[in-house]
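Enquirer: Predicted model and sequence below, questions to follow.
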Amino acid sequence: MKRSFRKYHRIFGIIVSLPLVLTIVTGMLTTFVREWSISIGVPASFLLSIHTGEIFHLEGIYPILNGLGLLGLLVTGLSMSGLFGKKTRQSPKN
C-alpha cells in the first residue's frame, strides 16, 4: 500500500509543483510591488492576474485545483508517514 501511495505522491508532486510555485512567487512579488513599493518592472495588476489564474482564464477553477492538489499531497504524505497505521501490541517480556 505504501508503495502505491509513494507512486501517486510523486506524480501529484510533479503535477502540482508548477502551479503552486507560480502562485507562491507571484503572490510574494505582488506584495513586494504593492506594499513595499519595490519596482521590478512588472505592474502589480499583471502579477495578480497570474496569481489568480485570470491570465489563463482559469480564475474560477485555479484555486480549487491548487487546493485539491495540496489535499492529494497531504493525504498521500500522511498515509506514508505511518501516523494512522495499525497499532501493534507489544507482547509482555517474561
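Expert: Arrived safely.

Enquirer: Against residue 15, how distant is the residue nearest the centre of the chain?
Expert: With distances taken as C-alpha atoms, centre = their mean, residue 70 lies nearest the centre of the chain, 4.3 Å away. Separation of residue 70 from residue 15 (C-beta to C-beta, to the nearest Å) stands at 12 Å. Using the backbone N, CA and C atoms, a C-beta is placed for each residue, glycine as well.

Enquirer: now residue 7
Expert: For residue 7, the distance to residue 15 equals 13 Å [C-beta to C-beta].

Enquirer: So the two - more neighbours on which side?
Expert: Taking neighbours as other C-beta atoms under 10 Å, residue 7 and residue 15 compare with residue 15 leading, 14 against 11.

Enquirer: Residue 15 touches residue 72, doesn't it?
Expert: No - assessed by C-beta atoms under 8 Å, residue 15 is found out of contact with residue 72, at 9.0 Å.

Enquirer: count of neighbours near residue 39?
Expert: Look at residue 39: counted by other C-beta under 10 Å, it has 8 neighbours.

Enquirer: Tell me the secondary structure at the nearest residue to it once chain neighbours are set aside.
Expert: Spatial nearest neighbour of residue 39, excluding adjacent residues (C-beta to C-beta, 6 or more residues apart in numbering): residue 33 at 7.2 Å. Classification of residue 33 using DSSP: H, G, I helix; E, B strand; the rest coil returns helix.

Enquirer: And residue 83, by the same measure?
Expert: What three-state DSSP gives for residue 83 is coil.

Enquirer: give the contact list for it.
Expert: For residue 83, no residue meets the contact criterion (C-beta atoms under 8 Å, 6 or more residues apart in numbering).

Enquirer: Going along the chain, name the helices of the protein.
Expert: Remark: helices assigned in the chain by DSSP state H are 2-35, 44-52, 62-81.

Enquirer: Reformat these as a markdown table; add mean pLDDT.
Expert: Converted to a markdown table, these look like this (pLDDT from 0 to 100):
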| stretch | mean pLDDT |
| --- | --- |
| helix 2-35 | 85 |
| helix 44-52 | 89 |
| helix 62-81 | 86 |
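
Enquirer: right, so the ones you listed: which one is the most enclosed?
Expert: Per-stretch averages of neighbours, counted by mean count of other C-beta atoms under 10 Å, single out helix 44-52 among the helices of the chain, with a mean of 17.
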